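Undergrad: Fold the following and give me the result.
(one chain, ligands or ions: 2)
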Amino acid sequence: MISTNYLVIGSGVAGLTFSIKIAEKFPDRNVVIVTKSDEEESNTKYAQGGVAVVLDSETDSFKKHIEDTLIAGDGLCDESVVEMVIKEGPKRLEELILWGTNFDLNPSGNLDLGKEGGHSEYRVVHHKDITGYEIERALLKRVHQLKNITILPNHFAIDLITKHQVKQIEDKELSCFGAYVLDQKTGHVYTVKADNTLLASGGIGCVYGHTTNPIIATGDGVAMAYRAKAKIKDMEFIQFHPTALYEEKGESSFLISEAVRGFGAYLRNKEGYRFMPDYDKRAELASRDIVSQSIDDQLKKTGDSHVFLDCTHLDIKAFKNHFPNIYEKCLEHHIDIEKDWIPVVPASHYLCGGIVVDKDGKTSISNLFACGECSRTGLHGANRLASNSLLEALVYAHNIFKYHSEHDDSLPKIEIPDWNDEGTIIPKEHILIQHNLKQLQALMRDYVGIVRSDKRLKSAIKHLDLIYNEVEELYKESKISTSLCELRNMINVAHLIINQSLERTENKGGYYNIDNIK
Ligand code: FAD
Ligand code: SIN
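TA: Ligands and ions are numbered 1, 2, ... in the order given. Sure thing, here's the model as predicted:
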């Protein structure tokens with residue numbers, strides 16, 4: 001048994017920022033961060049474009065950033081949340097810089113501002129094209145300086161401890177008492193008892209197989225919260241990034257940042273035709289939902305597998321300076337961006353919905369908070385504006401910290417039983433996990449992708465039920481393993497995406513169903 005004031009699940013920007021703030025302010029309180037891979041592995045580490053913040057008061061304003069966010073969200077954002085997040089941005093950025101994050105400067109010594117789709121102004125602060133890597137580096141450095149934070153890599157949170165998971169718990173309300181955590185090196189399952197638990201477990205990209213996300217993005221936090229009966233919303237709004245590098249056999253996809261289009265790159269089909277002006281007057285800089293849906297339309301019309309990003313007309317020296325990582329990655333694939341177009345295709349990228357939280361990051365379960373990509377704050381509505389995600393995580397980590405500085409929510413005193421795996425065996429049929437995972441990913445890609453239909457969604461539910469039943473049976477008889485838990489979680493997430501898609505009768509932002517066209 002481990003006992004702590006704060007259990008933080010996840011070591012991306014959301015989990016680390018909250019941990020630093022609470023540990024700095026309250027040296028007598030302790031924080032345990034569990035994270036299922038190496039401590040830096042996260043979606044955060046791969047963020048390229050940067051953080052959207054209003055800094056240049058001559059050209060930009062909060063009002064403009066608010067308007068851009070609302071337009072991208074297609075009428076479904078919570079306006080008061082949008083205003084709060086955007087106005088907090090500059091303060092939260094200052095803090096990041098104070099903790100040692102380096103952002104690029106322009107020749108006049110001010111922060112260099114990039115532009116991305118859906119933004120009417122230059123407002124994206126960045127560190128070359130590896131902004132997330134730099135943020136993660138600086139935050140982890142600060143975490144290691146704080147003695148009241150313990151970070152446990154290779155520790156996998158299996159389930160939250162609530163009355164729904166543990167029958168012996170008597171709790172008049174619905175509260176969270178911590179989580180069961182698997183030490184992936186020893187196979188031991190710990191009971192981590194916590195006064196407060198923060199889900200900061202990131203995204204769900206792997207549910208689709210073809211994704212810009214790393215392999216940790218299996219929606220564990222959303223699935224755990226769902227099983228604990230927390231409110232989950234807007235799961236139909238999966239954001240597909242328009243420009244993942246196309247690889248014939250590739251599953252995981254390297255991202256070609258939207259900032260490259262902000263830098264002036266054009267999208268062309270195989271014939272060389274620049275098609276985006278036909279779809280939106282902002283052309284390549286329309287918001288992501290529109291660009292992805294337009295590419296999908298082109299691919300369906302032409303029967304091609306990908307389109308191209310053309311950078312050949314750009315200042316290549318300046319390009320290399322801003323995007324050294326992308327430039328090198330292209331060269332590795334024998335693409336010289338000075339002469340060659342980059343083959344690109346949309347890939348699943350970001351979850352706009354998730355665990356419903358209020359402005360303090362509180363979920364519908366007492367003493368359970370959620371922050372970052374696993375949460376649904378109301379900022380993104382039907383489609384997230386580029387580079388608003390890191391911003392959201394920073395602002396909400398601060399809000400949750402502030403809440404804890406002002407409140408001390410007590411929990412009923414209860415006995416928590418240890419993890420019970422009586423009667424389970426070490427699974428010998430790994431093929432069942434791999435096969436069902438492949439089936440799930442193919443199902444989501446083919447039936448629940450950028451363009452959906454009622455027929456495909458209904459059929460997807462039937463197929464998913466078969467996978468669900470087989471995997472639940474396996475789960476009940478097996479000793480716990482990360483791959484089995486992740487598969488179970490992805491099935492839960494897929495179920496939420498499909499069902500919430502079927503409930504949506506109007507196309508909005510990133511949600512497009514051919515049966516909703518009136
Ligand atoms: P993450 O950074 O994903 O961290 C989640 C953590 O939880 C990880 O440490 C993971 O290992 C851990 N975890 C998950 N499940 C468990 C479990 N069961 N037990 C224990 N630990 C667990 N956004 C922007 O604003 N600007 C950008 O430029 C940008 N570029 C992007 C580029 C790419 C390629 C990708 C994939 C995303 C990008 N995004 C960008 C989105 C943004 O990076 C993420 O939304 C954000 O970093 C999420 O932060 P997070 O802390 O919520 O989650
Ligand atoms: C990108 O750099 O294109 C990703 C930005 C984001 O997801 O916000």
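
Undergrad: Which single residue of this structure ends up nearest ligand 2?
TA: residue 49 (2.8 Å; CB to the nearest ligand atom). C-beta here means a position set from N, CA and C on the backbone, and glycine is covered the same way.

Undergrad: which SS class is that residue?
TA: At residue 49 the chain is in coil, as set by DSSP: H, G, I helix; E, B strand; the rest coil.

Undergrad: Leaving aside the residues adjacent along the chain, what's closest to it?
TA: Spatial nearest neighbour of residue 49, chain neighbours left out: residue 259 (4.5 Å); criterion: CB to CB, 6 or more residues apart in numbering.

Undergrad: got the contact list for that neighbour?
TA: Residues in contact with residue 259, defined by CB atoms under 8 Å, 6 or more residues apart in numbering, are 48, 49, 50, 114, 115, 116, 124, 126, 129, 322, 323.

Undergrad: Please tabulate those residues in JSON lines and include secondary structure as additional columns.
TA: Formatted as JSON lines, those follow (three-state DSSP):
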{"residue": "48", "secondary structure": "coil"}
{"residue": "49", "secondary structure": "coil"}
{"residue": "50", "secondary structure": "coil"}
{"residue": "114", "secondary structure": "strand"}
{"residue": "115", "secondary structure": "coil"}
{"residue": "116", "secondary structure": "coil"}
{"residue": "124", "secondary structure": "strand"}
{"residue": "126", "secondary structure": "coil"}
{"residue": "129", "secondary structure": "coil"}
{"residue": "322", "secondary structure": "helix"}
{"residue": "323", "secondary structure": "coil"}
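
Undergrad: show me which of the residues you listed neighbour ligand 1.
TA: 48, 49, 50 (CB under 6 Å from any ligand atom).

Undergrad: At the geometric centre of the chain, which residue do we find?
TA: With the centre of the chain defined as its mean C-alpha position, the nearest residue by CA atoms, centre = their mean is residue 203, 3.3 Å away.

Undergrad: show me what contacts that one?
TA: Taking CB under 8 Å, 6+ apart, one finds 43, 213, 217, 219, 350, 351, 373, 374 in contact with residue 203.

Undergrad: Can you list phi and psi of residue 440 for me?
TA: Per-residue torsions, residue 440: phi -60, psi -50 (degrees, to the nearest 10).

Undergrad: ok, and the closest non-adjacent residue to the residue sitting furthest away from the middle of the chain?
TA: Ranked by distance from the centre of the chain (CA atoms, centre = their mean), the top residue is residue 423, with 36.1 Å. Nearest residue to residue 423 in three dimensions, chain neighbours excluded: residue 477, at 7.7 Å (CB to CB, 6+ apart).

Undergrad: quick one: residue 84 is in a helix?
TA: Yes - looking at residue 84 with three-state DSSP, it is inside a helix.

Undergrad: what's near enough to touch it?
TA: By CB under 8 Å, 6+ apart, the contact list for residue 84 reads 359, 395.

Undergrad: Within range of ligand 1, give me the residues from the stretch 101-250 of the chain.
TA: Residues of the stretch 101-250 of the chain lying near ligand 1 (CB under 6 Å from any ligand atom): 131-132, 156-157, 200-203, 212-213, 216, 220-221.

Undergrad: Mark which of the residues you listed are part of strands, please.
TA: Per DSSP state E, strands hold the following members of those: 156, 157.

Undergrad: ok, and the most crowded of the residues of the stretch 101-250 of the chain next to ligand 1?
TA: For these, counting by other CB atoms under 10 Å, the largest number of neighbours falls to residue 201: 37 neighbours.

Undergrad: So for it, what's the pLDDT?
TA: Here, the pLDDT recorded for residue 201 equals 98.

Undergrad: Next one: it from residue 217, what distance?
TA: Going from residue 201 to residue 217 by CB to CB, to the nearest Å gives 9 Å.

Undergrad: now swap in residue 424 and tell me
TA: In terms of CB to CB, residue 424 sits 27 Å off from residue 217.

Undergrad: Between the two, point out the one with more neighbours.
TA: residue 217 (27 against 13).

Undergrad: who are the neighbours in contact with that one?
TA: Listed by CB under 8 Å, 6+ apart, the contact partners of residue 217 are 43, 202, 203, 204, 205, 206, 211.

Undergrad: how about a cut-off of 10 Å?
TA: 42-43, 46, 201-208, 211, 348-351, 373, 486, 490 (CB atoms under 10 Å, 6 or more residues apart in numbering).

Undergrad: Sitting in helices, which of those do you find?
TA: Those of those mapping onto helices are 486, 490, per DSSP state H.

Undergrad: related to what we said a few turns ago, include distance to residue 316 when you put the residues of the stretch 101-250 of the chain next to ligand 1 into TSV, please.
TA: Compiled in TSV, those are given as follows (distance: CB to CB, whole Å):
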residue	distance to residue 316
131	21
132	25
156	44
157	45
200	39
201	40
202	34
203	33
212	24
213	29
216	34
220	42
221	41
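
Undergrad: List just the nearest of the residues of the stretch 101-250 of the chain next to ligand 1 to ligand 1.
TA: The closest of those, once distances to ligand 1 are taken by CB to the nearest ligand atom, is residue 202, at 2.5 Å.

Undergrad: That closest one and residue 47 touch, don't they?
TA: No - Residue 202 is beyond contact range of residue 47, at 11.4 Å (criterion: CB atoms under 10 Å).

Undergrad: got any residues that touch both of the two?
TA: By CB under 10 Å, 6+ apart, the residues touching both residue 202 and residue 47 are 12, 13.

Undergrad: which element is residue 29 on?
TA: Under DSSP states H and E, no helix or strand contains residue 29.

Undergrad: Please identify the residues of the stretch 301-450 of the chain in proximity to ligand 1?
TA: 350, 372, 373, 387, 388, 389, 390, 393.

Undergrad: beta partners for the nearest residue to residue 341 once chain neighbours are set aside?
TA: Nearest residue to residue 341, sequence neighbours excluded (CB to CB, 6+ apart): residue 308, at 3.7 Å. Note on residue 308: beta-bridge partners residue 268, residue 343, judged by DSSP bridges.

Undergrad: For residue 308, which residues are in contact?
TA: Residues near residue 308 by CB under 10 Å, 6+ apart: 243, 246, 265-270, 272, 340-344.

Undergrad: Ok, residue 405 next?
TA: Residues in contact with residue 405 (CB under 10 Å, 6+ apart) are 21, 22, 25, 26.

Undergrad: from these, which two are the most distant?
TA: 21 and 26 (9.5 Å; CB to CB).

Undergrad: which residues do those two both contact?
TA: Contact criterion CB under 10 Å, 6+ apart; residues bridging residue 21 and residue 26 by contacting each: 401, 404, 405.

Undergrad: What is the neighbour count of residue 11?
TA: When counting by other CB under 10 Å, one arrives at 32 neighbours for residue 11.

Undergrad: Which secondary structure elements does the longest helix seen in the chain sit against?
TA: Of all segments of type helix in the chain, defined using DSSP H, the longest is helix 454-477. Judged by 3 or more CB pairs under 10 Å, 6 or more residues apart in numbering; DSSP states H and E, the packing partners of helix 454-477 are helix 430-447, helix 482-503.

Undergrad: quick one: the first one to chain centroid distance?
TA: Centroid separation for helix 430-447 versus its chain: 21 Å, with CA atoms, centre = their mean, to the nearest Å.

Undergrad: same deal with stretch 285-305?
TA: 22 Å.

Undergrad: What of stretch 66-73?
TA: Relative to its parent chain, stretch 66-73 has a centroid offset of 19 Å by CA atoms, centre = their mean.
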